[in-house]
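> sequence unknown, structure follows:
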DNA sequence: CCTAGCATATGAACACTGATCAGATTAGTC
DNA sequence: GACTAATCTGATCAGTGTTCATATGCTAGG
């Protein structure tokens, strides 16, 4: 039975010639291929092949492969921001919420390894794409909001931003290095986020002595 | 005047045909090209071209491009470990020493961006290369030693290992995301390392209440 | 000294890749 | 219904990594 295939045009019909929904289909196929073979094994031609479309078709929508990657990365950051918003809507303790944000970050990175790696390979992306910048910035802003609520009230904006960046970098590192697998990563993520928050508050704005 | 060129054979003479020191020269050229164009712009043929050698020559020493990358990454981790050892030999406070280790990590990553990115792109490396594993493991071990001295004495081995991994991941993330530039990165690195150490000690083994 | 053996380097071939461009096809608009 | 603009095709180009038989010259054994 022909299940509805998201990688083919809507209405399950390619009348002929014009595809109808190529950009979305190309992005979906690109994500699939990235998760399947990684960035190194990626091929624009293979994406076109899977969409049953000519090799040159993608260029009319994305210009070049960097354009397609940029679209994929933008979608990735938008999903990430959406996940973050879900977490921020929950009614849990502030520190717990930061940890949950981190967990959703790591979860996203592990579920879509190829897509995630493209998101942070700035050398493969269009550096001037405003949609990408916006989506990435929104993700970071949501993390900052979570961090702000988890730190002491005396924390300055600069302090909050700095801590959020450290948390962001740590999560990226944990995913990129694949240092643990399965449940152990969850423990590591929780520990790391917690330690950074506590440590930052101790060191932070109102200077206290450290042990 | 002909300065001594490390990318050509020793003795500054390619009598003919046999190169004499190809592997080392290829690795040097690969690092140069990686730092120049990044992983995406890398080309094995260009490396061979710069060594003034046939396209197929590298394959006799490294098999394929993954083999060359693996050699580059191994050298990178050996240098990193060597830098770490220098820091560990200094007579500074333990926490300060961890920060200095982190700084040397970041410094290495910023000075050789292409090389550094290859070091952590496991999809581009030979996963069974023992020399690579050994060099990487030694680097992590040295970081663990620095962390152990900086944490409270009650810290278990497992705790030390976990904290070291978090520090490692954070530094990798800070470099990979290029979140700051110049001096600001140094501040960020010091802050991050410090916060993780302090936070880990507060959360750590002898359970205390947290604010 | 000189000769066989073997590691090293060559160059051509192959199957790929991403990008480009004129021309074919169709959708949307006046 | 005609026309313009968007979309897609198919062929072409330069460039890539890998493989293979062949050529070269260093080195060990006689």
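Thanks, I have it. Note that the structure is predicted; figures quoted are calculated from it, not measured. Numbers count the residues shown, from 1 in each chain, chains lettered A, B, ... in the order given.

> Extract the residue ranges of chain A that are flagged as low pLDDT.
Scanning chain A for pLDDT under 70 picks out the ranges A:1-17, A:179-183, A:205-211.

> show me where it has helices.
A:22-37, A:44-50, A:57-62, A:65-88, A:94-111, A:113-119, A:130-150, A:157-177, A:183-203 (DSSP state H).

> number of nearby residues for the closest residue to residue A:31 other than its chain neighbours?
Leaving out its chain neighbours, the residue that sits closest to residue A:31 by C-beta to C-beta, 6 or more residues apart in numbering or on different chains is residue A:115, at 5.1 Å. Backbone N, C-alpha and C define where each C-beta goes, glycine included. For residue A:115, the count of nearby residues is 22 (other C-beta atoms under 10 Å in any protein chain shown).

> is it true that residue A:115 touches residue A:36?
No: using C-beta atoms under 8 Å, residue A:115 makes no contact with residue A:36, being 10.9 Å away.

> Would you mind listing what in chain A touches DNA strand C?
Contacts of chain A with DNA strand C, taken as C-beta under 7 Å from any atom of the strand, map to A:15-18, A:42-46, A:55-56, A:59, A:63-66.

> and chain A, which of its residues are near DNA strand D?
A:17-20, A:22, A:53-57, A:60-61.

> just the buried members of these?
A:19, A:22, A:53, A:57 (16 or more other C-beta atoms under 10 Å in any protein chain shown).

> need the contact list for the residue nearest to residue A:31.
Counting by C-beta atoms under 8 Å, 6 or more residues apart in numbering or on different chains, residue A:115 touches A:31, A:34-35, A:72-73, A:76.

> Where does chain A get nearest to DNA strand C, residue-wise?
For chain A, the residue closest to DNA strand C is residue A:64, as judged by C-beta to the nearest atom of the strand, at 2.8 Å.

> are any of the residues of chain A next to DNA strand C buried, and which?
Buried among the residues of chain A next to DNA strand C by 16+ other C-beta under 10 Å: A:42, A:44, A:46, A:65-66.

> Among these, which pair sits farthest apart?
Between any two of those, the greatest separation by C-beta to C-beta is 16.8 Å, found for A:46 and A:66.

> For residue A:151, which non-adjacent residue is closest in space?
Spatially, and ignoring its direct neighbours in sequence, residue A:151 is nearest to residue A:201 (5.8 Å; C-beta to C-beta, 6+ apart).

> How much space separates the one you found from residue B:198?
As defined by C-beta to C-beta, to the nearest Å, residue A:201 lies at a distance of 9 Å from residue B:198.

> Let me know how buried residue A:172 is, in neighbour terms.
Residue A:172 has 24 nearby residues by other C-beta under 10 Å.

> Quick check: chain neighbours aside, which residue is closest to it?
Counting by C-beta to C-beta, 6+ apart, the residue nearest residue A:172 is residue B:173, at 4.0 Å.

> isn't the one you found right up against residue A:168?
Yes: contact criterion C-beta under 8 Å: residue B:173 and residue A:168 qualify, at 7.1 Å.

> Looking at the two, which has the bigger crowd around it?
Ranked by neighbour count (other C-beta under 10 Å), residue B:173 and residue A:168 place residue B:173 first, with 25 against 22.

> need the contact list for the more buried one.
Neighbours of residue B:173 in contact, by C-beta under 8 Å, 6+ apart: A:168-174, A:176.

> and the nearest residue to residue A:66 once chain neighbours are set aside, backbone torsions?
Spatially, and ignoring its direct neighbours in sequence, residue A:66 is nearest to residue A:126 (5.3 Å; C-beta to C-beta, 6+ apart). Main-chain torsions, residue A:126, degrees, to the nearest 10: phi -80, psi 110.

> wouldn't residue A:126 be in contact with residue A:65 here?
No: using C-beta under 8 Å, residue A:126 makes no contact with residue A:65, being 10.4 Å away.

> Enumerate the residues of chain A near chain B.
Proximity of chain A to chain B (C-beta under 8 Å from any C-beta of the partner chain) is limited to residues A:38-40, A:120-124, A:152, A:162-163, A:165-166, A:168-174, A:176-180, A:188, A:191-192, A:194-203, A:210-211.

> Before I go, just wanted to say thanks for your time.
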